[in-house]
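*Asks:* Provide a 3D model corresponding to the input given below.
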Amino acid sequence: MEDIYELSGLMQMYQATGAAGYGDRVLERINRTGLSAGGNLLSGREAGAYLFALRQTGKREYRNAADLVFNRLVSGEEVISETAMPFYAEYDTLFNKKAHYGEIAAYFERKEAWSGQAAAALIDTIDQMSMEIYEYYRALCDLFKQVVRQGMLAEVQNTEVQSAEAHLNNGKAWSGYAVLKACNMGILNREKYGEAGLRVWRCFKVQQEQEDGLGNMLKAQYLVFEKDREKWSVDMRG
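*Replies:* Sure thing, here's the model as predicted:
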């Protein structure tokens, strides 16, 4: 079964560790798919890998591939799902003068039912937006906090993982990932909410060694959280 979060997990592990092997695996994967309109382009939910490759190499072919996917989303040829929103926001930030920020904010504000996976898509989208357009950035940050207060945090805090459900494709893992990343971004207070995310990380620690997409995403956010905690401890000691 294809792991549609493989690339996101590898990119986040590269960002968290700086280990070149993670970046190399991203490039290998996307180069196998083809980079032209006639090739097997990545979907919107994976296309952030083209922008990663563009930053790593400067090669125009990756920008061209990202252009094709973005245009498919804008034209309606591919549906803009919540999982495509992080790429949509990143491309819009880099190349489209943030023209779709209002549309992005409205998309999430219309949601009525929230899962851990939807909250993860929201925090990943916020991560790709610029604070220069503060109205929309702040609106989505406030929305994320509201989602946490309205029940997602309770799900994370009450995490009790039995062996029969010890896998990463469930709402608890997604919620834990979203909370940890929000703490790392400064959207949630790490002293108040960090332990809730860490509880999920501990429950799924064994599964993360399998290095599937969500496992790497969760592990990367844990590593960033711990690095920041160590830095904070050093600063406090003077």
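
*Asks:* so how far is the first residue of stretch 31-46 from its last?
*Replies:* 13 Å (C-alpha to C-alpha, to the nearest Å).

*Asks:* Off-centre distance for it?
*Replies:* In this view, stretch 31-46 has its centroid 20 Å away from the chain centroid, taken as C-alpha atoms, centre = their mean, to the nearest Å.

*Asks:* what comes into contact with it?
*Replies:* With contact meaning C-beta atoms under 8 Å, 6 or more residues apart in numbering, stretch 31-46 is reached by 4, 7-8, 30, 47, 49-50, 61-62, 64-65, 68-69, 72-73, 78, 80-81, 83-84, 86-88. From N, CA and C alone the C-beta is placed, and that goes for glycine too.

*Asks:* at 6 Å what do you get?
*Replies:* 7, 61, 65, 68-69, 73, 78, 83-84, 87 (C-beta atoms under 6 Å, 6 or more residues apart in numbering).

*Asks:* Could I get the buried residue list for that stretch?
*Replies:* 35, 41-46 (16 or more other C-beta atoms under 10 Å).

*Asks:* between the contacts of stretch 31-46, which is nearest residue 209?
*Replies:* residue 7 (19.1 Å; C-beta to C-beta).

*Asks:* where's the closest one, which helix or strand?
*Replies:* Taking DSSP states H and E as the criterion, residue 7 maps to helix 6-17.

*Asks:* which ones are touching residue 144?
*Replies:* So residue 144 contacts residue 122 (C-beta under 6 Å, 6+ apart).

*Asks:* Let me fix that, I meant to ask about residue 224.
*Replies:* 16, 184.

*Asks:* Against residue 53, how distant is it?
*Replies:* 22 Å (C-beta to C-beta, to the nearest Å).

*Asks:* can you check residue 103 too?
*Replies:* 26 Å.
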